[in-house]
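Asks: Show me the folded form of this:
(one chain, ligands or ions: 1)
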Amino acid sequence: MDAGGLDAAAREALESAVKSALAGAEGVDEVHVALTADKQRRRMIAIGSGKGGVGKSTLAANLAVAMARRGRKVGLVDADIYGPSQQRLLKTEGQKPTASKEQLRPLQTESGVALLSMGNLVEQDRAIAWRGPMASGALGQLVDADWGETELLIVDLPPGTGDVQLTMIQKHKPDGAVIVSTPQDLALMDATRAMNLFNAADVPIVGFVENMAGYICPHCGEMSDPFGSGGAEAVANQIDVPFLGRIPLDIAIRLASDAGEPIASGDDVRGRAFDAIAGRLEAWLAAG
Ligand SMILES: Nc1ncnc2c1ncn2[C@@H]1O[C@H](COP(=O)(O)OP(=O)(O)OP(=O)(O)O)[C@@H](O)[C@H]1O
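Replies: Modelled structure (predicted):
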């Protein structure tokens with residue numbers, strides 16, 4: 001009996017339903033139920049943004065960690081080939097992935113997420129001045145690595161909507177895309193452009209995330225809105241894409257990232273906003 005996709009409680013319920021249905025049937029002395037789970041296909045979710053610095057890498061790292069904490073086998077590809085940062089966010093600076101049969105083996109991070117970042121493959125602080133085809137080739141090696149049991153691959157795309165991004169999206173065809181934006185109008189225009197890029201490649205949009213939505217003062221805890229708030233949700237509603245959640249601008253989020261321990265990996269309440277988005281992504285994956 002295939003129990004793929006069922007959690008422990010649902011498996012138990014299925015098992016006892018089968019047992020009670022067969023109990024007492026003629027010729028049946030004992031009932032043994034064997035449940036198998038088909039190997040789940042790997043799903044790839046791209047995290048994109050219309051422009052740089054809006055928190056795409058922060059979201060990618062925290063979402064990966066939050067999904068891993070929800071029991072998923074998660075891998076993270078830092079496709080931001082020109083400015084990789086995941087090696088820092090997931091504390092693997094200085095580590096080098098190994099390779100077998102010409103396939104890279106991802107690094108295992110303390111946060112439970114497998115990682116491949118260009119930042120672990122090229123010398124630190126050396127600008128990567130690659131042309132498009134070389135960048136695409138490098139990305140291919142990261143995506144087609146030996147991801148083993150990984151069920152969910154999160155891809156942190158380079159910022160913007162240029163050729164490199166388009167080639168990546170067309171070639172590797174993610175199952176869905178999450179778009180990050182800050183609340184200002186200009187950033188939102190860029191986010192809409194990013195959405196069009198995915199639409200052009202027939203990649204479904206999982207939804208929009210608004211980052212740096214309100215500033216929480218570390219001294220008094222009061223919230224203010226330096227960049228405004230609610231813009232991404234309004235745009236998402238206007239263009240009829242789901243709104244996945246809002247992350248406040250909070251110094252604790254940056255400090256945790258800089259320390260290589262994404263805030264979603266601990267018990268800090270400020271990690272909950274990422275977990276809520278992970279819950280929505282989980283629901284999207286379950287529906288697809
Ligand atoms: N919600 C937040 N609160 C506080 N700081 C944040 C938040 N989100 C991101 N940051 C910080 O803002 C900076 C930019 O974030 P990040 O690197 O994630 O952006 P990005 O969109 O991936 O940028 P890039 O274009 O360089 O790839 C980082 O220093 C990060 O720690």
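Asks: Now for residue 220, how many residues are close by?
Replies: 7 (other C-beta atoms under 10 Å). Where C-beta positions appear, they are placed from N, C-alpha and C, glycine not excepted.
Asks: Just give the strands next to the helix or strand hosting residue 213 in its sheet, each with its orientation.
Replies: Element membership of residue 213 [criterion: DSSP states H and E] is strand 205-216. Strand 205-216 sits in its sheet next to strand 176-181 (parallel), strand 223-224 (antiparallel), strand 243-249 (parallel), going by DSSP bridges.
Asks: Please report the number of neighbouring residues for the closest residue to the ligand within the chain.
Replies: Going by C-beta to the nearest ligand atom, the ligand is nearest to residue 52 of the chain, at 2.8 Å. By the measure other C-beta under 10 Å, the count of residues near residue 52 is 14.
Asks: ok, now residue 23?
Replies: 11.
Asks: Could I get the contacting residues of it?
Replies: By C-beta atoms under 8 Å, 6 or more residues apart in numbering, the residues touching residue 23 are residue 31.
Asks: in whichever strand or helix holds residue 234, what counts as buried?
Replies: In this assignment (DSSP H and E), residue 234 forms part of helix 231-238. Judged by neighbour count (16 or more other C-beta atoms under 10 Å), helix 231-238 contains these buried residues: 231-233, 235-236.
Asks: I'd like the residues you listed written out as CSV, with pLDDT added.
Replies: Shown next, in CSV, are the buried residues of helix 231-238 (pLDDT from 0 to 100):
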residue, pLDDT
231, 79
232, 82
233, 86
235, 84
236, 87
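Asks: Looking at the residues you listed, which two lie furthest apart in space?
Replies: 231 and 236 (9.5 Å; C-beta to C-beta).
Asks: For stretch 197-210, measure first residue to last.
Replies: 19 Å (C-alpha to C-alpha, to the nearest Å).
Asks: distance between that stretch and the chain's centre?
Replies: Here the centre of stretch 197-210 is set off from its chain's centre by 14 Å, with C-alpha atoms, centre = their mean, to the nearest Å.
Asks: Can you give me the buried ones in it?
Replies: For stretch 197-210, by 16+ other C-beta under 10 Å, it's 197-198, 201, 203, 205-210.
Asks: So it, near the ligand or not?
Replies: No. Judged by C-beta under 6 Å from any ligand atom, stretch 197-210 stays clear of the ligand, getting no closer than 9.8 Å.
Asks: mean confidence for that stretch?
Replies: Throughout stretch 197-210, pLDDT has a mean value of 94.
Asks: now do stretch 32-51
Replies: 81.
Asks: In CSV, list the C-alpha atoms belonging to it.
Replies: Listed next in CSV are the C-alpha coordinates belonging to stretch 32-51 (Å, rounded to 0.1, in the frame of the first residue of the first chain):
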residue,chain,number,x,y,z
HIS,A,32,-0.3,-7.3,8.7
VAL,A,33,-0.2,-4.0,6.9
ALA,A,34,2.9,-3.0,5.0
LEU,A,35,3.1,0.6,4.0
THR,A,36,5.6,1.8,1.4
ALA,A,37,6.3,5.3,0.3
ASP,A,38,7.2,6.0,-3.3
LYS,A,39,10.3,8.1,-3.5
GLN,A,40,9.2,11.7,-3.7
ARG,A,41,10.3,13.6,-6.8
ARG,A,42,12.6,16.5,-6.1
ARG,A,43,11.0,19.9,-6.3
MET,A,44,12.9,23.1,-7.1
ILE,A,45,11.8,26.5,-5.9
ALA,A,46,13.6,29.6,-7.1
ILE,A,47,13.8,32.7,-4.9
GLY,A,48,14.0,35.8,-7.1
SER,A,49,13.9,39.6,-6.8
GLY,A,50,13.7,42.4,-9.2
LYS,A,51,16.8,44.1,-7.7
